[in-house]
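S.K.: give me the fold of what follows.
(one chain, ligands or ions: 1)
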Amino acid sequence: MARRKLALIGAGNIGGELAAQAARLELGDVYLFDIPDKVGVAQGKSLDLEQNGSILGYDVRVIGTSNWEDLVGTDVAIVTAGVPRKPGMTRDDLLGINLKIVRSIAENLKVQCPDAFIIVVSNPLDAMVHEMKKATGFPGAKVVGMAGILDSARFQLFLAREAGVAVKDVRAMVLGGHGDAMVPVLSYCTINGIPVRQLITQDRLEAIIARTRNSGAEVVKLMGSSAYYAPASAAVQMARSYLYDEKRLLPCAAYLNGEYGFHDIYMGVPVVIGASGVEKVVIIELDATEKAMLQQSGAAVRELIEASARL
Ligand code: APR
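M.R.: Residues are numbered from 1 along each chain as shown. The predicted structure follows:
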């Protein structure tokens, strides 16, 4: 089998960490792409990572570039291009700037990487991934957004700390849009099979949900820019499931056309990712509160998509 090829569009904080993880896992050769003004950064990080391989023992090519033709034959493209938040900004404040960037990237991906599985990370996520699908014309199965794994990881961490248990024993899912109206699904949240409501009081659960919703902003406030280790790990988990046909069931921003009653929208839902991309949107039963939250979150995403269409 030929070596797999990953294109990381955006060689900033998340792009760099993605390259580091993808190289260590030897997912394939890594092309770290940025605009011509930043190609030195992309090339410098790439050289550093190839040298790192000679210490750690991995052996893949890591190549910094601003030339789209280098990306021909890409299996997976992960898009982090755009500007991140500064303290006090919401993800939605990035819409105007990042929309133009994502549109131009989509035009190039469509021509140079027509067979790629595209994972969008740029914010505001649900609007950016919708734009990517629209501008490439790719099927929904081949264009997906990273948010749910990250939001769920944050939720799981806070639940584990509260309960005083290992993080790996907590399973939780956050669905809906990647914004303030995201939907932590308490009815399926368990600590090694035990429903979380038996172990954590309602008051504390509400505080944890509020912290989860605000957790991206909490990081931005602390370090002046947005998170990158956990976002990169989440996107790598998705890429890996596609490349190795792992069929992981993961919360991701997926294209919905009828599922959960939504049409022509991207939202966080449980999906199965395998060799064909998003192979299945998994429909789960939600309680009345969760259903109402999902509707509210969907309305917020719809507003952003409509705002994008006007820009
Ligand atoms: N093509 C390729 N790269 C681009 C383009 C473009 N048209 N426009 C901007 N970039 C690059 C920037 O030059 C920069 O190197 O995207 C990179 C973004 O990196 P950072 O500023 O470090 O941002 P990062 O923290 O990686 O976040 C990227 O992901 O989670 C979201 O909100 C976050 O939208 C932000 C994105």
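S.K.: residue 41 reaches residue 15, doesn't it?
M.R.: No: taking contacts as Cβ atoms under 8 Å, residue 41 lies outside contact range of residue 15: 9.2 Å. Quick note: C-beta positions are derived from backbone N, CA and C, even for glycine.
S.K.: looking at the two, which is more packed in?
M.R.: residue 15 (27 against 17; other Cβ atoms under 10 Å).
S.K.: ok, the more buried one - contacts?
M.R.: 8-9, 32, 34, 42, 45, 78, 80 (Cβ atoms under 8 Å, 6 or more residues apart in numbering).
S.K.: separation between residue 285 and residue 194?
M.R.: For residue 285, the distance to residue 194 equals 20 Å [Cβ to Cβ, to the nearest Å].
S.K.: sorry, back to before: any residues in contact with both of residue 41 and residue 15?
M.R.: residue 34.
S.K.: re the thing from before, by neighbours, which of the contacts of residue 15 wins?
M.R.: residue 8 (36 neighbours).
S.K.: could you say which helix or strand holds it?
M.R.: Using DSSP states H and E, the element containing residue 8 is strand 5-9.
S.K.: helices or strands up against that strand?
M.R.: Other helices and strands packing on strand 5-9, by 3 or more Cβ pairs under 8 Å, 6 or more residues apart in numbering; DSSP states H and E, are helix 13-24, strand 29-33, strand 76-79.
S.K.: would you mark the buried spots in the longest one?
M.R.: By that I understand helix 13-24. In terms of neighbour count (16 or more other Cβ atoms under 10 Å), helix 13-24 has its buried residues at 13-24.
S.K.: any idea of the pLDDT on residue 172?
M.R.: Each residue has a pLDDT score; the one for residue 172 is 96.
S.K.: how far away is the closest residue to it other than its chain neighbours from the ligand?
M.R.: Leaving out its chain neighbours, the residue that sits closest to residue 172 by Cβ to Cβ, 6 or more residues apart in numbering is residue 189, at 4.1 Å. Separation of residue 189 from the ligand (Cβ to the nearest ligand atom, to the nearest Å): 24 Å.
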